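J.: predicted model and sequence below, questions to follow.
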Protein chains: 2
Amino acid sequence: MKTSLGPKLLLYPTPVLVVGTYDADGKPNVMTASWGGICCSQPPCVNVSLRKATYSYHNLMARKAFTLSIPSVNFVRQADYFGLASGRDTDKFAASGLTAQRSDLVDAPYVAEFPLILECRLLQAIELGLHTMFVGEVADVKANPAILTPQGDVDMRKLQPLLFATGTKEYYGAGDFIAKAFTAGRESD
Amino acid sequence: MKTSLGPKLLLYPTPVLVVGTYDADGKPNVMTASWGGICCSQPPCVNVSLRKATYSYHNLMARKAFTLSIPSVNFVRQADYFGLASGRDTDKFAASGLTAQRSDLVDAPYVAEFPLILECRLLQAIELGLHTMFVGEVADVKANPAILTPQGDVDMRKLQPLLFATGTKEYYGAGDFIAKAFTAGRESD
């Protein structure tokens, strides 16, 4: 028998995505968002939702570009800080000591120290209510060589991404390898 | 110095969501999707992307409702199977031995044995390319009491959700607690 929890946002896991944008003066900004993910394979698209009240919302609407920098667990303090402060009155890069790197493909900066970066061109801004969903086409992914497998794939164990637990508002790390996808289920055929 | 990997879908982690729908004859179907997440706080909305070629796509378009059943790691074999077979020629519930439970709020079934369920009414279907993004308003969340904290929140450690690693096509579990959100970053203020 299941317990009804009401119409809450309890979906697990959600990612920890640091959205990079430039403001009208060219000042780089970052904010952390967990309402996002992958949304289309062709063209390759990701989505991230921001509230209109955020500084990043306006930057993104004006510049039509953003990056997603994915922190590893050792950057949890900086990633959390990027979700607490506002770029309106703070230079979050300066405050955190991290480096704003200009993307060579899209009009947005990313966090140079973070291990995995997606550079995105805005395709759609979809009004949903409190949040606006931004859909971006991935122009390129850039990775620290240290997080790659010998075959050049991203290795989850080396990336060590953060997970956000929405109900309890906690960060977790990724855990053990469980199974190969598109393989484990063949035993049921 | 970062390595360019090209315009690939490398965002970590993505969730493992089992989408439940009814077909025109009322047969329950499930398919596994990892392109999805939370997208709006008010109204509370989630999104999941499906290809037009899937049986679930047509079910969802006709019924305007779906559920998301979130498997724990011990259901990895069934969750993977739900992504391999098609409801067009298979009764995946019968084949897996799992139970289709009719939602009492929306016109869709869920997997009774899975620990966490989101019941959703379709709000928007957004064409992106190969995938169509379905945005649903959460009508209710239902949870097994065993995954809740004493305060009634979902406990990530008890839920034990699956993570999908897109590059290497692997499932992982959730790992260690890292930090409290909206707290860890205050030290940088």
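T.: Here it is on my side, so go on. Numbers count the residues shown, from 1 in each chain, chains lettered A, B, ... in the order given.

J.: contacts, neighbours, all on C-alpha from now
T.: Fine.

J.: surely A:P109 and A:T67 touch.
T.: Yes. Counting by C-alpha atoms under 8 Å, A:P109 touches A:T67, with 6.6 Å between them.

J.: hey, what's in contact with both of those two?
T.: By C-alpha atoms under 8 Å, 6 or more residues apart in numbering or on different chains, A:P109 and A:T67 have these common neighbours: A:G20, A:T21.

J.: low-scoring pLDDT stretches of chain A, where are they?
T.: Residues of chain A meeting the criterion pLDDT under 70: A:187-189.

J.: and the strands in it?
T.: For chain A, the strands defined by DSSP state E cover A:3-6, A:14-15, A:17-22, A:28-33, A:36-40, A:45-51, A:65-70, A:100-102, A:109-111, A:116-127, A:131-143, A:162-165, A:170-180.

J.: can you redo the ones you listed as JSON lines with distance to chain B and mean neighbour count?
T.: Shown next, in JSON lines, are the strands of chain A (distance: least, C-alpha to the nearest C-alpha, whole Å; neighbours: other C-alpha atoms under 10 Å in any protein chain shown):
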{"stretch": "strand A:3-6", "distance to chain B": "5", "mean neighbour count": "14"}
{"stretch": "strand A:14-15", "distance to chain B": "6", "mean neighbour count": "26"}
{"stretch": "strand A:17-22", "distance to chain B": "9", "mean neighbour count": "29"}
{"stretch": "strand A:28-33", "distance to chain B": "10", "mean neighbour count": "26"}
{"stretch": "strand A:36-40", "distance to chain B": "5", "mean neighbour count": "28"}
{"stretch": "strand A:45-51", "distance to chain B": "6", "mean neighbour count": "25"}
{"stretch": "strand A:65-70", "distance to chain B": "8", "mean neighbour count": "29"}
{"stretch": "strand A:100-102", "distance to chain B": "11", "mean neighbour count": "18"}
{"stretch": "strand A:109-111", "distance to chain B": "12", "mean neighbour count": "27"}
{"stretch": "strand A:116-127", "distance to chain B": "8", "mean neighbour count": "22"}
{"stretch": "strand A:131-143", "distance to chain B": "4", "mean neighbour count": "23"}
{"stretch": "strand A:162-165", "distance to chain B": "7", "mean neighbour count": "28"}
{"stretch": "strand A:170-180", "distance to chain B": "4", "mean neighbour count": "20"}
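
J.: make TSV from those and add distance to B:I38 to it.
T.: Shown next, in TSV, are these (distance: least, C-alpha to C-alpha, whole Å):
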stretch	distance to B:I38
strand A:3-6	16
strand A:14-15	8
strand A:17-22	13
strand A:28-33	11
strand A:36-40	7
strand A:45-51	9
strand A:65-70	16
strand A:100-102	28
strand A:109-111	23
strand A:116-127	14
strand A:131-143	10
strand A:162-165	11
strand A:170-180	16
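
J.: wait, which of these is closest to B:K27?
T.: Closest to B:K27 of the strands of chain A is strand A:3-6 (C-alpha to C-alpha; 24.8 Å).

J.: neighbouring strands - and their directions - for that closest one?
T.: In the sheet, strand A:3-6 lines up against strand B:131-143 (antiparallel) (DSSP bridges).
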